[in-house]
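Enquirer: I would like to see how this sequence folds:
(one chain, ligands or ions: 2)
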Amino acid sequence: MSEKIYMGIDLGTSRSALVSNNGVEKVTLSVVGWPKDLIARQMLKQNLLFGRDALKHRLSLNVVYPLEKGVIKENEQEKTMAQELIKHLISAVEPPSGAKVYGIIGVPAKASVLNKQVVADIAKTVMDYAAVISEPFAVAYYAGRLDNAMIIDVGAGTVDICRMHGTVPEEEDQITLYKGGDYIDKVFYDTLKSTYSTANFTLNMVREIKERHSFVHNVTRSVSQPSSRLTASRECLT
Ligand SMILES: Nc1ncnc2c1ncn2[C@@H]1O[C@H](COP(=O)(O)OP(=O)(O)OP(=O)(O)O)[C@@H](O)[C@H]1O
Ligand SMILES: [Mg+2]
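Expert: Ligands and ions are numbered 1, 2, ... in the order given. Purely as a prediction, here's the structure:
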């Protein structure tokens with residue numbers, strides 16, 4: 001009988017993650033790039049770059065973030081790149097040849113039927129069996145809190161608040177606020193720009209500063225003062 005590989009995928013606006021039953025865990029920034037021209041292609045020696053690699057070489061690439069506000073953007077290019085992102089995550093698992101790949105992909109409880117279908121269609125092209133499930137349900141199931149619980153997911157595109165009442169949550173069980181981490185990055189960026197108009201920095205740099213130094217606490221220390229507590233970062237991210 002052929003081997004079975006089970007995997008779960010969280011496609012996020014900012015980061016996407018995969019875990020599999022053979023012990024693979026992978027997190028990548030949800031960004032895909034491809035060479036702008038032949039020269040870039042020859043220099044990079046790759047047709048597609050993902051995550052930090054794509055950002056590092058962004059000047060030689062066409063770069064897209066295939067997700068927005070928690071769901072895949074509804075145009076062909078982004079759909080294709082979302083598919084490539086899923087393939088890239090799966091490639092980390094290295095399923096043995098002939099193995100059957102079973103996958104579960106999380107989508108926001110509020111994702112439209114159309115969007116769930118888009119995710120399912122993409123997943124079916126790269127997996128043998130694919131199921132699309134509501135993200136808050138996956139969290140509640142894992143935590144064993146399917147009833148009388150509230151799941152709050154602070155994301156980059158959205159903040160999702162979902163009530164659990166002993167069933168799979170539906171659209172009316174979830175409230176989505178469309179101001180997540182990306183919104184904070186934008187406000188941070190605009191504020192810095194208006195204060196230091198001649199300084200050179202990008203939205204990605206601002207996000208990295210936020211992620212390295214921010215937390216909810218009463219402090220008066222400047223971020224320029226090093227402290228191990230303030231510099232907890234995500235080294236594992238690719
Ligand atoms: N230390 C930190 N302080 C503040 N924000 C942080 C920190 N670390 C990560 N973030 C931010 O948390 C947000 C959520 O990240 P996450 O990876 O959960 O988003 P996502 O799942 O990709 O987004 P979505 O669920 O909306 O599709 C991002 O905007 C990220 O910049
Ligand atoms: Mg998320």
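
Enquirer: Next, the spatially closest residue to Tyr6 that is not a sequence neighbour: phi, psi?
Expert: Setting aside the residues directly before and after it, Tyr6 is nearest to Asn21 in space (C-beta to C-beta, 6 or more residues apart in numbering), at 4.3 Å. To be clear about C-beta, it is placed using only N, CA and C from the backbone, and glycine gets the same treatment. Comment: the main-chain dihedrals of Asn21 come out as phi -70, psi -10, following degrees, to the nearest 10.

Enquirer: Met127 contacts Val101, correct?
Expert: Yes - when contacts are counted by C-beta atoms under 8 Å, Met127 is listed as touching Val101 (4.6 Å).

Enquirer: residues contacting the residue of the chain found nearest ligand 1?
Expert: Across the chain, the shortest distance to ligand 1 (C-beta to the nearest ligand atom) belongs to Gly181, at 1.7 Å. Under the criterion of C-beta atoms under 8 Å, 6 or more residues apart in numbering, the contact partners of Gly181 comprise 14, 154-156, 207, 210.

Enquirer: So which of those are in helices?
Expert: 207, 210 (DSSP state H).

Enquirer: what sits against Pro35?
Expert: Residues near Pro35 by C-beta under 8 Å, 6+ apart: 41, 43-44, 46-47, 60-62.

Enquirer: Recalculate using a threshold of 6 Å.
Expert: Shown here is Pro35, whose contacts under the criterion C-beta atoms under 6 Å, 6 or more residues apart in numbering are 41, 44.

Enquirer: Just grab the bridge partners of it for me.
Expert: Listed by DSSP bridges, the beta-bridge partners for Pro35 are Leu61.

Enquirer: Show the pLDDT at it.
Expert: Residue-level confidence at Pro35 comes out at 97, pLDDT.

Enquirer: same thing with Asp53?
Expert: Reported pLDDT at Asp53 in the predicted model: 96.

Enquirer: what helix or strand is it on?
Expert: If you go by DSSP states H and E, Asp53 is part of helix 51-56.
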